[in-house]
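Chemist: quick one: sequence plus predicted model below, questions after.
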Amino acid sequence: MTIFNHEIAQLTIPTPFAVGDVHVYVLRGECITLVDTGPKTKEAWEEVQRQLSEIGLAADDIDQIVLTHHHPDHAGLIEKFPKAEIIGSRQGERFLVRNDDFFTLHDAFYNEFFRSMGLPDSYLVLIEKMKEPLLTLGNRGLDRAVSEGDVLKGLPKWKIIETPGHSQGHISLYRENDGLLIGGDVLLAKVSSNPLIEPPFTSFEKRPFPQLQYNESLKRLQKMKLSAVLPGHGSLVTDVVSLISHRLKKQHERAMYVKGLILLKELTAFDICRQLFPSVYRRQLGLTLSETMGQIDYLMAIGEIETVDRRGDAYLYRALTKMKEPVNEPQIGR
């Protein structure tokens with residue numbers, strides 16, 4: 001645990017996920033606020049209670065919980081705080097309540113999307129496997145939905161800013177007077193956050209483009225006067241401008257490497273994924289497909305590639321211009 005001052009304490013909670021420990025934050029004001037909760041595990045709950053007690057608090061003292069986003073490592077313990085008001089983005093609530101309509105749309109979207117990427121039918125079992133992390137989420141909806149510019153009850157200096165990309169509905173908390181940002185997973189010191197492909201909100205909408213959203217969120221943060229980002233994982237980020245420049249540069253380089261692959265041959269997204277992640281794509285198919293599609297979306301947006309005739313249900317991609325200089329194979333995820 002790290003106590004930054006009398007108003008902010010950082011609790012570090014273990015998770016069963018590859019990302020490692022997650023940070024949640026206690027904000028003291030007229031209302032006692034917890035930002036994120038940790039995952040739905042016995043070990044995590046014991047640690048939350050123990051670390052709260054070290055600063056003189058118990059679970060029943062928490063007045064409100066703000067969820068930066070709906071992922072299981074951040075929102076798993078919401079049912080353990082029955083007296084607290086649950087606050088977050090309406091866009092993420094569907095993952096918290098997970099009703100029949102959600103699962104119907106979830107399955108239909110990924111079935112069509114994975115086929116459009118060129119996955120063989122044998123890989124479509126991934127759709128069921130993708131639901132497993134949802135079991136480590138609490139099952140409780142929002143009491144209050146917030147959006148850009150909203151101010152937290154009892155904490156008038158903190159306001160909500162929308163920072164989508166890593167997830168739909170990702171939000172951060174910003175305190176303008178000292179430039180602090182509680183950022184969830186929007187900016188991490190050691191690794192780049194993976195913009196994850198999620199279903200649209202209805203079957204009539206186009207899917208989101210998380211890599212493009214994420215880049216815009218980073219560019220927005222880069223223009224703000226931020227003294228530090230208190231992250232969901234890892235160490236405090238103080239070199240915000242230079243780190244964001246590094247992240248955007250590396251993402252562009254990854255995309256141009258993908259373009260280089262497409263220059264050699266028209267490819268499906270799954271073809272590209274297997275070349276980018278030859279040793280891990282089977283074990284981490286959801287993550288690697290999201291990474292791959294993010295680079296394709298980016299290249300499409302800046303006019304470097306286009307779709308051509310389909311190979312069955314799958315889109316093929318073709319490069320539009322030649323490379324000005326060779327691009328080395330990137331270090332994915334840095």
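Modeler: That came in fine, so what should we check first? Residues are numbered from 1 along each chain as shown.
Chemist: going by C-alpha atoms from here, please, whenever you check contacts or count neighbours.
Modeler: Noted.
Chemist: for the closest residue to Gln51 other than its chain neighbours, report the pLDDT, please.
Modeler: The shortest distance from Gln51 to any non-neighbouring residue, by C-alpha to C-alpha, 6 or more residues apart in numbering, is to Leu11 (6.5 Å). At Leu11, the pLDDT value in this model is 97.
Chemist: equivalent analysis for Ala108, please.
Modeler: Looking at Ala108, its pLDDT is 93.
Chemist: what is the burial count for it?
Modeler: Neighbour count of Ala108, defined by other C-alpha atoms under 10 Å: 13.
Chemist: for the residue nearest to Gln51, which residues make a bridge with it?
Modeler: When bridges are called by DSSP bridges, Leu11 pairs up with Val24.
Chemist: near it, how many other residues are there?
Modeler: Under the neighbour criterion other C-alpha under 10 Å, Leu11 is assigned a count of 22.
Chemist: pretty sure it contacts Val48?
Modeler: Yes - contact criterion C-alpha atoms under 8 Å: Leu11 and Val48 qualify, at 7.3 Å.
Chemist: show the average pLDDT along stretch 220-230.
Modeler: On average, stretch 220-230 scores 96.
Chemist: stretch 72-84: end-to-end distance?
Modeler: End-to-end distance of stretch 72-84: 18 Å, with C-alpha to C-alpha, to the nearest Å as the criterion.
Chemist: what residues of that stretch count as buried?
Modeler: Counting neighbours by 16 or more other C-alpha atoms under 10 Å, one finds that the buried residues in stretch 72-84 are Pro72, Asp73, His74, Ala75, Gly76, Leu77, Ile78, Glu79, Phe81, Ala84.
Chemist: could you list the residues in contact with it?
Modeler: Identification of contacts with stretch 72-84 by C-alpha atoms under 8 Å, 6 or more residues apart in numbering yields 15, 17, 22, 24, 36-41, 45, 59-60, 62-65, 67-69, 86, 133-134, 136-140.
Chemist: just the element for the most centrally placed residue in the chain, please.
Modeler: Ranked by distance to the mean C-alpha position of the chain (C-alpha atoms, centre = their mean), the top residue is His166 at 2.5 Å. Assigned by DSSP states H and E, His166 belongs to no helix or strand.
Chemist: the stretch 101-250 of the chain: strands as residue ranges?
Modeler: 144-145, 151-152, 155-162, 171-175, 180-184, 228-231 (DSSP state E, counting those that start in this stretch).
Chemist: and the last one, what other elements does it pack with?
Modeler: This points to strand 228-231. Counting contacts by 3 or more C-alpha pairs under 8 Å, 6 or more residues apart in numbering; DSSP states H and E, strand 228-231 is packed against strand 180-184.
Chemist: so which of the strands of the stretch 101-250 of the chain gets nearest Thr104?
Modeler: Nearest to Thr104 among these is strand 144-145 (23.8 Å), distances taken as C-alpha to C-alpha.
Chemist: so which elements touch that closest one?
Modeler: Packing contacts for strand 144-145, counted by 3+ C-alpha pairs under 8 Å, 6+ apart, involve strand 85-88.
Chemist: beyond the strand it packs on, next helix or strand please.
Modeler: Next helix or strand after strand 85-88 toward the C-terminus (DSSP H and E): helix 93-97.
Chemist: give me the distance from that following helix to the chain's centre.
Modeler: Computed by C-alpha atoms, centre = their mean, to the nearest Å, the chain-centroid distance of helix 93-97 equals 15 Å.
Chemist: got the contact list for it?
Modeler: Applying C-alpha under 8 Å, 6+ apart, the external contacts of helix 93-97 come out as His70, Phe102, Leu134, Leu137, Gly138, Asn139, Arg140, Gly141, Leu142.
Chemist: separate out the buried members of the residues you listed.
Modeler: His70, Leu134, Leu137, Gly138, Asn139, Arg140, Gly141, Leu142.
Chemist: doesn't Lys40 make contact with the fourth one?
Modeler: Which is Gly138. Yes - shown here, Gly138 and Lys40 form a contact pair, counting by C-alpha under 8 Å, at 6.8 Å.
Chemist: mean confidence (pLDDT) on the helix ranked longest in the chain, please.
Modeler: Scanning the chain for the helix with the most residues, using DSSP state H, yields helix 240-264. Averaging pLDDT along helix 240-264 gives 96.
Chemist: where do the helices sit along the stretch 1-150 of the chain?
Modeler: For the stretch 1-150 of the chain, applying DSSP state H, counting those that start in this stretch gives helices covering 42-54, 72-75, 93-97, 100-117, 126-129.
Chemist: identify whichever of those lies nearest to Val151.
Modeler: The closest of the helices of the stretch 1-150 of the chain to Val151 is helix 93-97. By C-alpha to C-alpha, the value is 19.2 Å.
Chemist: list the buried ones in the closest one?
Modeler: Along helix 93-97, these residues count as buried under the neighbour rule (16+ other C-alpha under 10 Å): Glu93, Arg94, Phe95, Leu96.
Chemist: what about Thr104, distance to Glu176?
Modeler: 42 Å.
Chemist: related to what we said a few turns ago, which among the contacts of stretch 72-84 end up buried?
Modeler: 15, 22, 24, 36-41, 45, 59, 62-65, 67-69, 86, 134, 136-140.
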